[in-house]
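In: Generate coordinates for the sequence data below:
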Amino acid sequence: QVQMVESGGGLVQAGGSLRLSCAASGLTFSSFHMGWFRQALGKEREFVAAITWSGGTTYYADSVKGRFTISRDNDRNTVYLQMSSLKPEDTAVYYCATRHKSTAYKTTFAGDWLQRGQGTQVTVSL
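Out: Numbers count the residues shown, from 1 in each chain. I've put the predicted structure just below:
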């Protein structure tokens, strides 16, 4: 059974940092591109960042470029999202998602990704 567990969220002041983790089990982790999405209260789920199965390529939403860094450790079956210079508008539930490596990696459409975890809440205060 595939499981993805997001962790690392919390309450932080604007300008602060957090590191999110998503630990996967029950799948061949290195066979999947990994992505992070977020959903703020009352809003649509939006793309944040993605990384290819090998970790060789990353891409980001314009809103987080230069502030967030996605990485992965295929030996630990874990993907990370390092978030810095956080802003109140980053407040959301953050989810990790998978997309098989046989498919194109560069899609920001949430429907192209499979979100399997429960998410982790990030709240940024002024």
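In: Could you find the residue nearest the spatial middle of this structure?
Out: Nearest residue to the geometric centre of the chain (C-alpha atoms, centre = their mean): Trp36, 2.1 Å.
In: That one falls within a strand, correct?
Out: Yes: counting by DSSP: H, G, I helix; E, B strand; the rest coil, Trp36 is found in a strand.
In: Okay, the residue nearest to Gln1 when sequence neighbours are not counted and Ala40: tell me how far apart.
Out: Among residues not flanking Gln1 along the chain, Gly26 sits closest, at 5.1 Å (C-beta to C-beta, 6 or more residues apart in numbering). The way it works is simple: take the backbone N, C-alpha and C, and place the C-beta from them, glycine included. Separation of Gly26 from Ala40 (C-beta to C-beta, to the nearest Å) stands at 29 Å.
In: before we move on, back to that, tally of neighbours for the residue nearest to Gln1?
Out: Gly26: 11 surrounding residues under other C-beta atoms under 10 Å.
In: partners of Ser60 in the sheet?
Out: Quick fix: residue 60 is Tyr, not Ser. Tyr60 has these beta-bridge partners by DSSP bridges: Ala49.
In: cool, Cys22 as well?
Out: Glu6, Val79.
In: mind checking how far it is from Gly8?
Out: 9 Å.
In: What distance do you get for the residue nearest to Gln1 to Met4?
Out: Distance, Gly26 to Met4, using C-beta to C-beta: 9 Å.
In: try Val124
Out: For Val124, the distance to Met4 - C-beta to C-beta - is 23 Å.
In: Nearest residue to Ala110 in space, please, no chain neighbours.
Out: Leaving aside its chain neighbours, Ala110 sits nearest to Arg45 (4.6 Å; criterion: C-beta to C-beta, 6+ apart).
In: my guess is the one you found meets Trp36, correct?
Out: No: at 10.8 Å, Arg45 does not count as touching Trp36 under the criterion of C-beta atoms under 8 Å.
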